[in-house]
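Visitor: Pasting a predicted model and its sequence here:
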Amino acid sequence: MTYQEMLAAAQSKLNPKEYGKYFSAGGASAVLEGGNGKYYAGVNLDLACGLGFCAERNAASTMVTDGETVVRRIVCVNSEGELMTPCGSCREFLLLLSPENAKTEFLVGLDPVRTMTIGQLMPLPWTAFKQEQ
């Protein structure tokens, strides 16, 4: 799947909806390419109490359920379908799934195609400060 196809797939999952006074979802979307070559999609869940989660973690959870922990590429979009980067929590989450995910590319531009890696944005993950016992 090309980055353009991943973008279209992420945009197709957008469906911002209020499910009640304390729950909304679908205002952001992500498509991940796993190390196994499969693609996983997810949308954000926003809960008033703060227990919601991002689209990237939603997609990654499905990927882990499928037995994969490595992410090759990610495309994330906001409610307008515009590209965005994974938030800091999602970057840490992915790095903890596998150290290989420091090489995970995410799309930052299409014309021309431009990517960055999680490692470029996270040069010092929290594990870098681990105290040796």
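Guide: Alright, I've got the coordinates.
Visitor: quick one: buried residues of the longest strand that the chain contains?
Guide: The single longest strand within the chain, with elements called by DSSP state E, is strand 23-34. For strand 23-34, the neighbour count (16 or more other Cβ atoms under 10 Å) marks 24-34 as buried. C-betas here are computed from N, CA, C, even on glycine.
Visitor: And the residues you listed, which is closest to Ile74?
Guide: For the buried residues of strand 23-34, the closest approach to Ile74 (Cβ to Cβ) belongs to Leu32, at 5.2 Å.
Visitor: and the closest one, what are its bridge partners?
Guide: Counting by DSSP bridges, Leu32 is bridged to Tyr40, Ile74.
Visitor: and the residue nearest to the spatial centre of the chain, how far is that from Pro112?
Guide: Nearest to the geometric centre of the chain sits Glu56, at 2.5 Å (Cα atoms, centre = their mean). Counting by Cβ to Cβ, to the nearest Å, the gap from Glu56 to Pro112 is 24 Å.
Visitor: and what of Leu124?
Guide: 30 Å.
Visitor: same question, Arg91
Guide: On the measure of Cβ to Cβ, Arg91 and Pro112 end up 24 Å apart.
Visitor: Tell me which of those two has more neighbours.
Guide: Arg91 (21 against 5; other Cβ atoms under 10 Å).
Visitor: pLDDT below threshold where in the protein?
Guide: Where the chain drops to pLDDT under 70, the residues are 125, 127-133.
Visitor: For it, just list every one of the strands.
Guide: For the chain, the strands defined by DSSP E cover 17-20, 23-34, 39-47, 71-77, 83-84, 105-110, 113-117.
Visitor: any chance of those strands in JSON lines, with distance to Pro99 too?
Guide: Shown next, in JSON lines, are the strands of the chain (distance: least, Cβ to Cβ, whole Å):
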{"stretch": "strand 17-20", "distance to Pro99": "36"}
{"stretch": "strand 23-34", "distance to Pro99": "16"}
{"stretch": "strand 39-47", "distance to Pro99": "20"}
{"stretch": "strand 71-77", "distance to Pro99": "12"}
{"stretch": "strand 83-84", "distance to Pro99": "24"}
{"stretch": "strand 105-110", "distance to Pro99": "16"}
{"stretch": "strand 113-117", "distance to Pro99": "13"}
